[in-house]
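Asker: Have a look at this prediction, sequence included:
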Amino acid sequence: MNNLDKNFGDLNKQQIDAVKKSSGSLLILAGAGSGKTRVLILKIYYFLASKLALPNQILAVTFTNKAANELKTRVSNMTGKMIDSWWVGTFHSISARILRRYSELIGLKNNFVIIDKDDQTKLIKSICEAEKISLEDKNAKYYTKCIDRFKNDNISVEEVLEKAKIKDEKDLAKIFSIYQNELIRLNCCDFGDLIIHCLTIFKKNKKILYQLQNQFKYILVDEYQDINPSQQAWLKYLYNHHKNICCVGDDDQSIYSWRGAEIKNILNFEKDFENPSVMFLEQNYRSTKKIINCASHLINFNKNRYNKKIWSQNNEGNKIEIRGFWETKEEATNISSKIEELKNSKTPLNEIAILMRVAAHTRSFEERFLNIGLPYRIIGGTKFYERKEIKDVIAYLRIANNHNDDLALERIINVPKRGIGKLTLKKINLISRNRKISLFEGCKIYLQSDERGKAKIEINNLISKIHKWNKIIEKTNHIDLCELILEDSGYMELLINESKLKDNIESHDRLDNVNEFMNGLKEFENLEGFLEHVSLVAENDSIYKNEKISLMTMHSAKGLEFKYVFLIGWEEGLFPSKRSIEEKGQSGLEEERRLAYVALTRAKERVFISFVNQNRYSYASHDFNSPSRFINELPKEDLEIFNSEIFENEEYSLNISQLEEENLNEISPGKKRLIENYKRINEQNFEYNQDISTKDQGSFNEGDRIFHKKFGYGRILEIENITALINFEKVGTKMVYLKYLFRE
């Protein structure tokens, strides 16, 4: 046991107790950065060194291949043995291993193929075509997601068929049933089947189940808060003999309900497993005391959780910085300047991350970084201008700008689907090549042919629209033009309809991306300038290698850590997500708060939180944001507030005296004068909505530069009684009341 004691040397008491607890059902609630991976590794080592189990009697289940490989490598290093044949892996890899042993019981051969999402969608599409089920309202990806959800929730084909009442439900049930039969015929299964087929074997063959139960003396589960109902059933089957299970997780980091994970699994652990005990790992080894205090204070607003409190013995650290900005471009510029300072002080760019609630919000940062030469990477996603929907919209703009752009026309000719198939396109391409003309001109010649059918009608419609766009491009604002194109083409309608489908997260993201794209158009004077910019962005992006700043969603950041973390987009309605709250109520709000907790605890040394006052999609409206309620839930003593004039809502307002003199140096001269105005107004007990006197009306003159809380800076063109006609820098000409103006 000397080696054991040696390996336990740097563990705290909570960790040692968790490692040595070997019998019964154990839930280890491991707070962020509390060393749970080391506990899992030492637990496996403890079972082996204490001769409590042989290697093949330990089943260790993880959620990612990365986590499984880390467990294998570190246990192998400690034991000096190769463990490739041990039962350490993801739910899916272990299930596939079991299924290949007993595949004939399901009707599969042991060389079955595991298909991916693309193959799933193609198969479902072919089923719909064969069964004459329309894909106009609900596309193949929608049915794929529904079937995945059924499997995650352990809902069988028979149950879906039985409960189907209306046509949509019957169509879905029919597709599900045929899809499952087709998979067996093709000797294939999808990832959900790996779990579901094992459950079928466990349920129908008691002898095989007993063999597996008897073999696995100890079961270890990582990230237990993320399991879905099918995985929970899988665990219960295998556990129910020796009844020794150790689940490690954190209810405060349960953020994947949209993947089928249910927080009730971890909250109901003591009801679901016999002889249960719960242990806490609360000491955080990653972050400073102030970061941990803020994260702990925030998560305590959740009611549906275990009562625990993470803490740290690390340095006190800096306060969390909160900054408000007027618009996204200013936010990106300020944060990139801060990152340049860190880089100049020898901070590796790999230690810097920008986390956001919505993937669409990478755009302003990607463009800024490319302009000033800061290399970056997108974690868990695709770079903004490489996303399919963005390429589609750009292609539409290119064809409006130049109707002879063959690549653009070929991309959008059947997007959205117009019934213009590959055969028709091939004929048009042949005409174009033979006559050495553009694809657009080839379409016009094709329209003169004797061909009949829907494709010809749709090509005529599209060519007419492109003619219209070409004709109005010179006299139409490029933002208005883009809106018109997206409406005329049916592309925006397609995205909106897809986003209305329940559980279709990707469609919501696509719509957000296009809205963000429209927002980016504001920064350019004309369409040509924007298209040139997009081309240069792609070119600049190809030169960067090695160290890079990480941009990612908060969901993608789970399990990662960085010295410096910038949390952007903390605006009410965006974060917490309005959609999540509307769909799930209090449980949705609590999951959003857990996401904020995860985001905060990615940081080792510094956290910077920002929000913008102007709506991020304000190309179409002039709505303005309030800071996220989560900012208000952070302990004020651990915050440093900048640009506090942005906190307009009374609930979030901060006393201007909180701004120290050196903080004012970071604000532009115009904003400094605005702050002084706020000071003067506060000193006079000025009420924002009070009636303005005749004397006050006369204090403004034509030509004065002013500030309006919604429309920003502008210059007075005309004054009439109590109103003024103002040319605002961002939103153009508006008639507003004088009482809502501030002198710059």
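Answerer: Alright, I've got the coordinates.
Asker: Please parse the chain into its domains.
Answerer: For the chain, the TED database gives the domain ranges 1-101+192-280, 112-185, 309-374+543-640, 401-496+512-520, 702-741.
Asker: Take those domains and lay them out in JSON lines including mean neighbour count, distance to Glu506 and mean pLDDT.
Answerer: C-beta here means a position set from N, CA and C on the backbone, and glycine is covered the same way. JSON lines is the format used below for those (neighbours: other CB atoms under 10 Å; distance: least, CB to CB, whole Å; pLDDT from 0 to 100):
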{"stretch": "domain 1-101+192-280", "mean neighbour count": "18", "distance to Glu506": "10", "mean pLDDT": "91"}
{"stretch": "domain 112-185", "mean neighbour count": "16", "distance to Glu506": "7", "mean pLDDT": "89"}
{"stretch": "domain 309-374+543-640", "mean neighbour count": "20", "distance to Glu506": "10", "mean pLDDT": "89"}
{"stretch": "domain 401-496+512-520", "mean neighbour count": "17", "distance to Glu506": "10", "mean pLDDT": "86"}
{"stretch": "domain 702-741", "mean neighbour count": "16", "distance to Glu506": "32", "mean pLDDT": "80"}
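Asker: Just put the ones you listed in JSON lines and tack on distance to Asp392.
Answerer: Listed next are those as JSON lines, based on distance: least, CB to CB, whole Å:
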{"stretch": "domain 1-101+192-280", "distance to Asp392": "24"}
{"stretch": "domain 112-185", "distance to Asp392": "15"}
{"stretch": "domain 309-374+543-640", "distance to Asp392": "15"}
{"stretch": "domain 401-496+512-520", "distance to Asp392": "6"}
{"stretch": "domain 702-741", "distance to Asp392": "28"}
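Asker: ok so Lys343 is a helix residue?
Answerer: Yes: counting by DSSP: H, G, I helix; E, B strand; the rest coil, Lys343 is found in a helix.
Asker: Hmm, it is touching Glu351, no?
Answerer: No: taking contacts as CB atoms under 8 Å, Lys343 lies outside contact range of Glu351: 10.2 Å.
Asker: Identify the contacts common to the two.
Answerer: Shared contacts of Lys343 and Glu351 (CB atoms under 8 Å, 6 or more residues apart in numbering): none.
Asker: Can you report phi and psi for the residue nearest to the spatial centre of the chain?
Answerer: By CA atoms, centre = their mean, the mean C-alpha position of the chain lies nearest to Thr553, the distance being 4.4 Å. The phi/psi pair for Thr553 (degrees, to the nearest 10) reads phi -80, psi 160.
Asker: and what of the one 3 residues further on?
Answerer: Comment: the main-chain dihedrals of Ser556 come out as phi -70, psi -20, following degrees, to the nearest 10.
Asker: Just list the residues touching the closest residue in space to it that isn't next to it in sequence, thanks.
Answerer: Excluding its sequence neighbours, the residue lying closest to Ser556 (CB to CB, 6 or more residues apart in numbering) is Gly380, at 3.1 Å. Contacts for Gly380 (CB under 8 Å, 6+ apart) come out as Met552, Thr553, His555, Ser556.
Asker: one step back: Arg286 is nearest to which of the domains of the chain?
Answerer: Among these, the nearest to Arg286 by CB to CB is domain 1-101+192-280 (3.1 Å).
Asker: What separation do you get for Asn314 and Thr144?
Answerer: 45 Å (CB to CB, to the nearest Å).
Asker: and what of Ile133?
Answerer: 14 Å.
Asker: now swap in Gly381 and tell me
Answerer: Using CB to CB, Gly381 is found at 20 Å from Thr144.
Asker: Please identify which helix or strand holds His92.
Answerer: Here His92 is covered by helix 91-102, with elements defined by DSSP states H and E.
Asker: moving C-terminal of that helix, what's the next helix or strand?
Answerer: Following helix 91-102 in sequence, per DSSP H and E, is strand 113-114.
Asker: tell me what that following strand is packed against?
Answerer: Judged by 3 or more CB pairs under 8 Å, 6 or more residues apart in numbering; DSSP states H and E, strand 113-114 is in contact with strand 188-189.
Asker: what's the helix or strand following the strand it packs on packed up against?
Answerer: For strand 188-189, the following helix or strand on the C-terminal side (DSSP H and E) is helix 191-204. Here helix 191-204 touches helix 91-102, helix 140-152, helix 206-215, helix 229-239, going by 3+ CB pairs under 8 Å, 6+ apart.
Asker: At which residues are the helices of the stretch 601-744 of the chain located?
Answerer: 629-632, 661-664, 669-683, 694-697 (DSSP state H, counting those that start in this stretch).
Asker: returning to what we had before: can you say which of the domains of the chain is nearest to Asn302?
Answerer: Comparing those by CB to CB, domain 309-374+543-640 comes nearest, at 4.7 Å.
Asker: Identify the residues contacting the host helix or strand of Thr73?
Answerer: Element membership for Thr73 (DSSP H and E) is helix 65-79. Contact with helix 65-79 is made by 7, 37, 40-41, 44-45, 48, 60, 62, 82-84, 86, 88-90, 93, 222-223, 559, as judged by CB under 8 Å, 6+ apart.
Asker: 6 Å - rerun?
Answerer: The contact list for helix 65-79 (CB atoms under 6 Å, 6 or more residues apart in numbering) reads Ile41, Ile44, Tyr45, Thr62, Ile83, Val88, Gly89, Thr90, Asp222.
Asker: which among these gets closest to Arg510?
Answerer: Using CB to CB, these come closest to Arg510 at Thr90, 28.4 Å.
Asker: Dig out what the closest one forms beta bridges with.
Answerer: With DSSP bridges as the criterion, Thr90 is bridged to Thr62.
Asker: I'd like to know how far it sits from Val358.
Answerer: From Thr90 to Val358 the distance is 28 Å (CB to CB).
Asker: hmm, which two among the contacts of Gly380 are most spread apart?
Answerer: Met552 and His555 (8.3 Å).
Asker: Return the residues in contact with the residue nearest to Arg377 when sequence neighbours are not counted.
Answerer: Leaving aside its sequence neighbours, Arg377 sits nearest to Lys548 (CB to CB, 6+ apart; 4.4 Å). Residues in contact with Lys548 (CB under 6 Å, 6+ apart) are Leu349, Pro375, Tyr376, Arg377.
Asker: can you check Arg579 too?
Answerer: By CB under 6 Å, 6+ apart, the contact set of Arg579 is empty.
Asker: pretty sure it is in a helix, no?
Answerer: Yes: assigned with three-state DSSP, Arg579 falls within a helix.
Asker: Please tell me how far it sits from Gly380.
Answerer: Taking CB to CB as the measure, Arg579 falls 20 Å from Gly380.
Asker: now Ile413
Answerer: 32 Å.
Asker: if we can go back for a sec, can you add distance to Ser626 and give the helices and strands packed on helix 191-204 back as a markdown table?
Answerer: Formatted as a markdown table, the helices and strands packed on helix 191-204 follow (distance: least, CB to CB, whole Å):
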| stretch | distance to Ser626 |
| --- | --- |
| helix 91-102 | 41 |
| helix 140-152 | 33 |
| helix 206-215 | 54 |
| helix 229-239 | 37 |
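Asker: Of those, which is nearest Ile485?
Answerer: Of those, nearest to Ile485 by CB to CB is helix 140-152, at 24.3 Å.
Asker: Quick one: work out the angle between the closest one and helix 191-204.
Answerer: Helix 140-152 runs at 30 degrees relative to helix 191-204, counting by axes from the mean of the first three to the mean of the last three CA atoms, to 10 degrees.
Asker: other SSEs contacting helix 140-152?
Answerer: Judged by 3 or more CB pairs under 6 Å, 6 or more residues apart in numbering; DSSP states H and E, helix 140-152 is in contact with helix 117-131, helix 167-185, helix 191-204.
Asker: All set now, cheers.
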